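Novice: coords below, sequence missing:
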């Protein structure tokens, strides 16, 4: 998230009305608040350092224009699929996510905005790409929602039952 905060600071040069939020009570909340303030983003990025109940988080998510899922690449993260991507997609929120082999296997280039250069400048470029083309962002969100990975198991329940029944 430190790279994202630095990217937001850079993106605000071109997009001065850009706002952000980091919701949750993780161990890094305090250091992220300090970095946010040092970058002059205190009134721009909300970091309440609180755990939200789902019913309290949902109205906040309705106002999100772009979900960002940052991943520092290494041998472990290259093989994981962050569930946060699927959560944003299921809600119809366009997603910017670090490119990894696993994520790109499930989400093609036309379904998400890939952060291929996970640096503050790369994050800022990707945010700018999504903000500059809101229609494209909505189209990508719709394409992502149609992907098998974004569908609930209930959508595929009968097909699964059919496969098991044939054995």
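Specialist: Okay, I see it. Keep in mind it's a predicted model, so treat the numbers as computed, not measured.
Novice: quick one: the helices in this structure?
Specialist: 2-14, 29-38, 54-61, 83-90, 101-106, 120-132, 134-146, 157-165 (DSSP state H).
Novice: Of all these, which one comes closest to residue 113?
Specialist: With CB to CB as the criterion, residue 113 lies closest to helix 120-132 of the helices of the chain, at 5.0 Å. (Glycine included, C-beta is placed from N, CA and C.)
Novice: Next, the angle from that closest one to helix 2-14.
Specialist: 50 degrees (axes from the mean of the first three to the mean of the last three CA atoms, to 10 degrees).
Novice: what's near enough to touch residue 2?
Specialist: 28, 31-32, 35 (CB atoms under 8 Å, 6 or more residues apart in numbering).
Novice: Serialize those to CSV and add fields for neighbour count and pLDDT.
Specialist: Putting these into CSV (neighbours: other CB atoms under 10 Å; pLDDT from 0 to 100) gives the following:
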residue, neighbour count, pLDDT
28, 14, 95
31, 11, 97
32, 19, 97
35, 18, 98
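Novice: I'd like these laid out as a markdown table, including distance to residue 102.
Specialist: Listed next are these as a markdown table, based on distance: CB to CB, whole Å:
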| residue | distance to residue 102 |
| --- | --- |
| 28 | 23 |
| 31 | 28 |
| 32 | 26 |
| 35 | 28 |
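Novice: which stretch in the helices of the chain is the model least sure about?
Specialist: Lowest mean pLDDT within the helices of the chain: helix 157-165, at a mean of 73.
Novice: Against which helices or strands is that one packed?
Specialist: Packing contacts for helix 157-165, counted by 3 or more CB pairs under 8 Å, 6 or more residues apart in numbering; DSSP states H and E, involve no helix or strand.
Novice: Give me the distance from it to the chain's centre.
Specialist: Computed by CA atoms, centre = their mean, to the nearest Å, the separation of helix 157-165 from the middle of its chain amounts to 32 Å.
Novice: Brilliant, that's me finished.
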